[in-house]
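Engineer: fold the following and give me the result.
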Amino acid sequence: MTMTLTFCGAARTVTGSCYWLQTPGASFLIDCGMFQGPKTLKELNYGEFPFVPAKLDFVLQTHAHIDHSGLLPKLHMAGFDGPAFMTRGTRDLLSFMLPDSGHIQEMEVEQLNQRNAKRGRPQVEPIYTSADAEACQDNFRTVEYDRWFEAGDGVRARYWNAGHILGSASIELELATGRRDQRLLRMLFSGDIGPEHKLFHPDPDAADNLDYVICESTYGGRKRTRVNEEQRRMVLAGEVKDALRADGMLLIPSFAVERTQELLADLTVLQGSGAIPQVPIFLDSPMAIKATDVFARHMAELDGGHHGAGLLRNPQVRFTETVAESKAIARFRGGAIIMAASGMCEAGRIRHHLKHHLWRREATVLLVGYQAPGTLGRLLADGAPAVRIQGEDIQVRARIRQIDVYSGHADGTELVDWVRERLPIKRALFLCHGEEDEAEAMRNDLTRRDLDAERVIVPTLDDQIDLLGDGTGPRQRPAPRRLAPEAVVRLDWHNELASFELDLREALDQAADERSRNVLLRRLRRALTKER
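Structural biologist: Below is the predicted model:
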């Protein structure tokens with residue numbers, strides 16, 4: 001009798017969260033997320049799943065973020081027709097987040113196909129459409145926090161509030177092993193864990209005394225400066241005032257769910273107190289507007305809900321839903337705040353605003369969340385002098401600022417504390433949903449705190465683990481890999497090519513004359529000839 005866990009995503013990377021469990025009585029997933037970041041990773045979204053969707057019994061969904069949920073429509077299209085269990089908050093958010101994801105894909109594929117047609121390249125299809133995303137929701141089933149339910153044959157589940165976003169959960173499992181002793185295997189999947197004292201949410205909580213824990217490690221090894229509510233607002237106020245000096249424009253790439261609502265709540269308080277100027281705040285994201293409406297409906301059940309009471313009543317907040325309204329923002333030359341998705345600048349309307357403002361010295365871009373490697377947001381955070389957006393090379397002259405007082409993730413210290421509160425962990429702790437350096441840093445911090453180093457494991461994409469093993473610990477089983485391990489943890493050739501093209505263009509622009517440019521190009525051609 002075997003029981004296996006396969007890491008189908010979020011292993012030594014922070015996106016694509018998906019864990020496949022095979023027990024004697026059931027085959028199911030924890031999350032079905034989309035990969036983001038380098039193209040090598042994102043191409044996995046288009047390939048086949050490492051399992052047969054039609055043979056899955058159910059899905060347990062931790063929360064609504066697209067890196068945890070974004071391939072649910074594709075799963076449905078590929079033959080999965082079982083229930084997907086989630087909290088009411090997650091269901092309400094996914095009701096528009098998944099169709100929005102499909103819409104973005106349709107729009108981006110349409111633009112790509114226009115370019116491909118001009119270049120004589122084949123047409124491509126989106127991973128799924130908005131209609132596909134609507135169709136998959138017929139199988140969504142809601143569950144309550146803190147209540148056990150029978151998810152499938154030999155599988156009981158209980159959801160704990162993870163304190164990350166509206167509806168987020170850590171998922172506790174009791175699994176029948178099929179052995180004669182009838183012993184249950186107890187597991188806990190952390191999902192994304194929120195920090196302590198987060199606006200709108202209680203501190204994260206979960207069970208203890210488990211056989212296995214699968215824990216995120218996004219901020220492993222990192223410690224943020226702890227701030228209270230007033231200090232957080234003062235950090236934001238300082239950035240806003242600096243950006244708006246001399247009629248500057250402030251662009252805030254913001255995650256549509258949770259981060260946007262937190263920022264709106266604080267900006268509303270700061271404007272009301274006179275701490276920042278009464279300038280227009282454009283919320284240029286249909287998805288963020290819908291998320292704000294969902295928050296307003298759930299406000300009574302959220303901690304600190306009174307902070308969000310004015311989210312829809314600040315006269316300075318202007319909701320721009322249509323494309324025409326979004327384009328009209330470009331007429332503002334200064335003295336305004338633009339908030340738009342996505343938070344890592346990978347898609348959506350923020351890219352249009354960045355094209356319009358990045359080259360302006362009077363503009364400021366304020367990054368307020370995690371930026372995954374290979375994303376446009378990470379390139380800006382790392383000081384790229386120029387970037388490519390929708391096929392155009394844009395010089396970066398705007399001020400790029402970054403603050404971490406709005407993080408939705410626990411920092412390294414909080415993660416270690418959360419794990420230690422789960423003790424004893426009898427068989428193994430797996431650290432996932434983190435880049436390799438962060439996962440290893442968290443592993444080192446935990447082993448220094450009396451955890452057995454051999455039982456703290458950092459898995460690689462597509463690792464398959466025999467959970468029953470020899471009765472005391474897990475055992476890795478051979479399994480096919482979609483990517484070599486080293487391809488998961490580094491920037492790929494697409495990133496290197498984009499960087500090289502920008503460097504080449506800059507070198508040609510700075511060359512003294514036409515002759516110097518031709519000399520440089522001839523050297524490059526000779527180098528290419530030698531490589532062939």
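Engineer: going forward, measure contacts and count neighbours with C-alpha atoms only.
Structural biologist: Noted.
Engineer: quick one: T142 and D92 touch, right?
Structural biologist: No. The criterion here is CA atoms under 8 Å, and T142 misses it with D92 at 10.0 Å.
Engineer: which other residues reach stretch 64-72?
Structural biologist: Residues from elsewhere that reach stretch 64-72 (CA atoms under 8 Å, 6 or more residues apart in numbering): 15-18, 31-36, 45, 61-63, 90-91, 93-94, 97-98, 101, 133, 136, 167-168, 257.
Engineer: send the alpha carbons of it over as CSV?
Structural biologist: Output in CSV follows, covering the C-alpha atoms of stretch 64-72 (Å, rounded to 0.1, in the frame of the first residue of the first chain):
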residue,chain,number,x,y,z
ALA,A,64,-7.9,32.8,-4.5
HIS,A,65,-4.6,34.2,-5.7
ILE,A,66,-3.9,33.2,-9.3
ASP,A,67,-0.6,31.5,-8.5
HIS,A,68,-2.7,29.1,-6.4
SER,A,69,-5.9,28.9,-8.5
GLY,A,70,-5.2,30.1,-12.0
LEU,A,71,-5.2,26.7,-13.7
LEU,A,72,-8.6,25.5,-12.3
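Engineer: domain map for this structure?
Structural biologist: Per automatic domain parsing, the domain ranges recorded for the chain read 4-222+408-488, 229-402, 493-531.
Engineer: and L354, helix, strand or coil?
Structural biologist: Three-state call for L354 (DSSP: H, G, I helix; E, B strand; the rest coil): helix.
Engineer: and the pLDDT at the closest residue to it other than its chain neighbours?
Structural biologist: Of all residues not flanking L354 in the chain, L251 sits nearest, at 7.9 Å (CA to CA, 6 or more residues apart in numbering). If you check L251, the pLDDT there is 95.
Engineer: quick one: low-confidence parts of the stretch 301-450 of the chain?
Structural biologist: The model of the stretch 301-450 of the chain has pLDDT under 70 over residues 303-313.
Engineer: now the helices: where do they sit in it?
Structural biologist: 323-328, 350-357, 376-381, 412-420, 436-447 (DSSP state H, counting those that start in this stretch).
Engineer: I'd like those as CSV, with distance to K74 appended.
Structural biologist: Shown next, in CSV, are these (distance: least, CA to CA, whole Å):
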stretch, distance to K74
helix 323-328, 27
helix 350-357, 25
helix 376-381, 25
helix 412-420, 32
helix 436-447, 28
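Engineer: go through these and name the closest to K530.
Structural biologist: Proximity to K530 (CA to CA) singles out helix 376-381 among those, at 31.2 Å.
Engineer: how far off centre is the closest one?
Structural biologist: Taking CA atoms, centre = their mean, to the nearest Å, one finds the center of helix 376-381 at 15 Å from the center of the full chain.
Engineer: give me the contact list for it.
Structural biologist: Helix 376-381 is contacted from outside by 343-346, 367, 371-373, 387, 400-402, using CA under 8 Å, 6+ apart.
Engineer: for stretch 101-117, same thing?
Structural biologist: Taking contacts as CA under 8 Å, 6+ apart, the residues outside stretch 101-117 that touch it are 66, 70, 122-133, 347-348.
Engineer: ok, and for it, which residues are buried?
Structural biologist: Across stretch 101-117, burial judged by 16 or more other CA atoms under 10 Å covers 101-106, 108-110, 112-113.
Engineer: next: stretch 139-152.
Structural biologist: 140, 143, 145, 151-152.
Engineer: dump those residues into a markdown table; add pLDDT as well.
Structural biologist: As requested, the buried residues of stretch 139-152 are exported to a markdown table (pLDDT from 0 to 100):
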| residue | pLDDT |
| --- | --- |
| F140 | 98 |
| V143 | 98 |
| Y145 | 96 |
| A151 | 98 |
| G152 | 97 |
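Engineer: of those residues, closest to G408?
Structural biologist: Lowest distance from G408 to these (CA to CA) belongs to Y145, with 19.7 Å.
Engineer: contacting residues for the closest one?
Structural biologist: Contact partners of Y145, counting by CA under 8 Å, 6+ apart, are 87, 158-161.
Engineer: show me the beta-bridge partners of it.
Structural biologist: Y159 (DSSP bridges).
Engineer: how close does it get to W160?
Structural biologist: Using CA to CA, to the nearest Å, Y145 is found at 6 Å from W160.
Engineer: and if you look at Q231?
Structural biologist: According to CA to CA, Q231 and W160 sit 29 Å apart.
Engineer: who's more crowded, those two?
Structural biologist: W160 (22 against 12; other CA atoms under 10 Å).
Engineer: so the more buried one versus L93, what's the distance?
Structural biologist: Distance from W160 to L93, counting by CA to CA: 18 Å.
Engineer: L56 too?
Structural biologist: From L56 across to L93, the span is 24 Å (CA to CA).
Engineer: element containing the residue positioned nearest the centre of the chain?
Structural biologist: Per CA atoms, centre = their mean, the C-alpha nearest to the average position across the chain is that of D67, at 4.7 Å. Using DSSP states H and E, the element containing D67 is helix 66-69.
Engineer: now do that helix, average pLDDT.
Structural biologist: With pLDDT averaged residue by residue, helix 66-69 scores 96.
Engineer: how far does whichever helix or strand comes after it sit from the chain's center?
Structural biologist: Following helix 66-69 in sequence order, the next helix or strand is helix 72-77 (DSSP H and E). Relative to its chain's centre, helix 72-77 lies at 19 Å (CA atoms, centre = their mean).
Engineer: what's the mean pLDDT across helix 72-77?
Structural biologist: Helix 72-77 shows a mean pLDDT of 98 in the predicted model.
Engineer: and the closest residue to P286 other than its chain neighbours, what does it touch?
Structural biologist: Spatially, and ignoring its direct neighbours in sequence, P286 is nearest to E321 (5.0 Å; CA to CA, 6+ apart). By CA under 8 Å, 6+ apart, the contact set of E321 is 284-286, 289.
Engineer: who does the helix or strand harbouring the residue nearest to L354 pair up with?
Structural biologist: Using DSSP H and E, the element containing L251 is strand 249-253. Paired strands of strand 249-253, with direction, are strand 336-340 (parallel), strand 363-367 (parallel) (DSSP bridges).
Engineer: hmm, back to that, out of the helices of the stretch 301-450 of the chain, which comes closest to L270?
Structural biologist: Checking the helices of the stretch 301-450 of the chain against L270 by CA to CA gives helix 350-357 as the closest, at 23.6 Å.
Engineer: any idea how far that closest one is from the chain center?
Structural biologist: Centroid separation between helix 350-357 and its chain, computed with CA atoms, centre = their mean, is 21 Å.
Engineer: in this structure, where's the longest helix?
Structural biologist: Secondary structure of the chain per DSSP state H: the longest helix is helix 88-119.
Engineer: next SSE downstream of it?
Structural biologist: The C-terminal neighbour of helix 88-119 among helices and strands, as given by DSSP H and E, is helix 130-135.
Engineer: helices and strands around that following helix, which ones?
Structural biologist: Other helices and strands packing on helix 130-135, by 3 or more CA pairs under 8 Å, 6 or more residues apart in numbering; DSSP states H and E, are helix 72-77, helix 88-119.
Engineer: residues contacting it, please?
Structural biologist: Against helix 130-135 from outside (CA under 8 Å, 6+ apart): 72-74, 77, 95, 98-103, 106.
Engineer: which non-adjacent residue is nearest T13?
Structural biologist: For T13, the closest residue by CA to CA, 6+ apart turns out to be E435, at 4.6 Å.
Engineer: number of nearby residues for A527?
Structural biologist: Neighbours around A527, by other CA under 10 Å: 11.
Engineer: now Y159
Structural biologist: With neighbours defined by other CA under 10 Å, the count for Y159 comes to 28.
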